[in-house]
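> here's my sequence, what's the structure:
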Amino acid sequence: MFDETDMLRRGLEYMKKKDCERALEMFDSALKVNPRYIEAFYSRGNAYEFLGRFDQALESYNAVLNFAPNEAAAYYNIACVHRKRGDNSSAITEFSHAIELKPDYGKAFFNRGLVYFSVGQIDHAIEDYDRAIEFSPKDPDPLVARGLIFFLQKDYHRAMENYDKAIEVNPNHYRAHGNRGNALEAMGRNNDALEEYTQVTKLFPNDYKAFMNRGLVYIKLNDYEKALADYTRAIELNPKYAKSYSSRGMVYVHLKKYHSAITDFDEAIRLAPNDIDAYISRSHAKVASGDQIGALEDFTVILKTNPDNTKIWNARAAIYAKIGNIDEAIADYSQSINRSKNPKDNSQAFCARGVLLTKQGRTDDAVIDYEKVLEAEPDNLIAHLNLGILLRTQGKFRPAIQHLSRVIELNPKSVIAYQLRAATFGAIGNKEKADADIEKAKNIKGNENE
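Residues are numbered from 1 along each chain as shown. A predicted model of the protein is given here:
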């Protein structure tokens, strides 16, 4: 006949097989034999927690406290359930109870730190990670977690120190290698980042994100064939991850395989219909393949649900301008300008609209647009140059000279600015300055040709 110990053992064997229902039967049977069997309460709570039956898990863990009110592990388990339920406040409270009962409880400090991090209490999170590292020196996870905070703060050297220590503790900790790769990449050490991501693919061959990360580095290194292989592998491992298709689509664009790119963007959009970047990327691929109408259709779809996205209005306007629909392009740039919440974001639209207004002969309106740019960006070269050209054509020579002179101050090697200023000086009869500018333009051209 089985006693409660045998029933517990059998239940744990079912747990290993993830047969939680049969495991619960064993744990319940053990508790019928011994209603004070703490290990059975813990195990039953674990089974309920695994099944997502959190209320029953809490009942089992709280039952432990009826017999052992100072059991720190019970408070720890209760806290973990609250964390899974998204009840961060209760989780912090219960982890704190566990720490009060066991001041060197490293796992409790670590998990409370994770909760603090998730709610944005970064200083408290670091303090808890520090204690976890102190009390659990052989656990690499707190080091990785603390490193992530430093990484997000762009303190890459301190992040690296933490990842290095984590790898010293456990050389095969794939998240430490992966995060170390992120830090190296952020520091511009792409070849070193490649080594880390490659290590992750060896330690955890089914981690599609490792292949995604390595693929991005290959793109930065202009090794598109290897990037293509990595994104393809990522898709094989997780065919439902939209970003993999978008990323591979961008590689196909670099390789000028536009139809393959469009196919990937199609799949990315099917999986993530609200991914604006995928629509934008697909539209650019369509333009490159000659399907400008298809690109316009993409932008029009986006604007129906995202009418305040100025990037989309600008993109559609650029295509309209390219195919000669000037009125539509001007209208779209106007939409972008009117919907923008930050005037500094309007410079591109004002400049582009100014060019189109000039083509239509609406030079006064174009001047206003360039002046708007300079209100937000006083040193905008394009605005100064275009204003110089427009004001010169309007016979406003001295203001034109002022703007062209500013272009030269900002870019002393601007041949076009010297040439235009020379012509303008000539128009007002200042031959000496006109000749000086012509000579300066010749010297710059000569130096460029050497």
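> show me the contacts for the closest residue to residue 195 other than its chain neighbours.
Nearest residue to residue 195 in three dimensions, chain neighbours excluded: residue 181, at 7.9 Å (CB to CB, 6 or more residues apart in numbering). Heads up, the C-betas are built off the backbone N, CA and C, glycines and all. Shown in contact with residue 181 (CB atoms under 8 Å, 6 or more residues apart in numbering): 193-197, 200, 213.
> just name the closest of the residues you listed to residue 407, please.
Nearest to residue 407, judged by CB to CB, of these is residue 193 at 40.3 Å.
> coming back round to it: tell me which helix or strand the residue nearest to residue 195 sits in.
Assigned by DSSP states H and E, residue 181 belongs to helix 174-186.
> just the buried positions in whichever helix or strand comes after that helix, please.
Reading on from helix 174-186 to the C-terminus, the next helix or strand found by DSSP H and E is helix 190-203. For helix 190-203, the neighbour count (16 or more other CB atoms under 10 Å) marks 190, 193-194, 196-201, 203 as buried.
> for stretch 230-249, same thing?
Buried, per 16+ other CB under 10 Å, within stretch 230-249: 230-231, 233-235, 237, 241-249.
> what do you get for stretch 401-416?
Within stretch 401-416, the residues that count as buried by 16+ other CB under 10 Å are 401, 403-404, 406-408, 414.
> now, which of those sits nearest residue 104?
residue 406 (66.9 Å).
> residue 384 is in contact with that closest one, correct?
Yes. Contact criterion CB atoms under 8 Å: residue 406 and residue 384 qualify, at 4.8 Å.
> what sits in contact with each of these two?
Counting by CB under 8 Å, 6+ apart, nothing touches both residue 406 and residue 384.
> so where do the strands sit in the stretch 101-250 of the chain?
With DSSP state E, counting those that start in this stretch, there are no strands along the stretch 101-250 of the chain.
> can you pull out the helices in it?
Using DSSP state H, counting those that start in this stretch, the helices of the stretch 101-250 of the chain run over residues 106-118, 122-135, 141-152, 156-169, 174-186, 190-203, 208-220, 224-237, 242-254.
> so what touches the last one?
It refers to helix 242-254. Residues from elsewhere that reach helix 242-254 (CB under 8 Å, 6+ apart): 208, 212, 215-216, 219, 224, 227-228, 231-232, 234-235, 238, 258, 260-265, 267-269, 271-272, 275, 277-278, 281-282, 284-285, 288.
> buried residues in the helix or strand where residue 373 lies?
Using DSSP H and E, residue 373 maps to helix 363-376. Across helix 363-376, burial judged by 16+ other CB under 10 Å covers 363, 366-367, 369-370, 372-374.
> same question, stretch 85-103
Residues of stretch 85-103 classed as buried by neighbour count (16+ other CB under 10 Å): 87-88, 90-92, 94-95, 97-99, 101-102.
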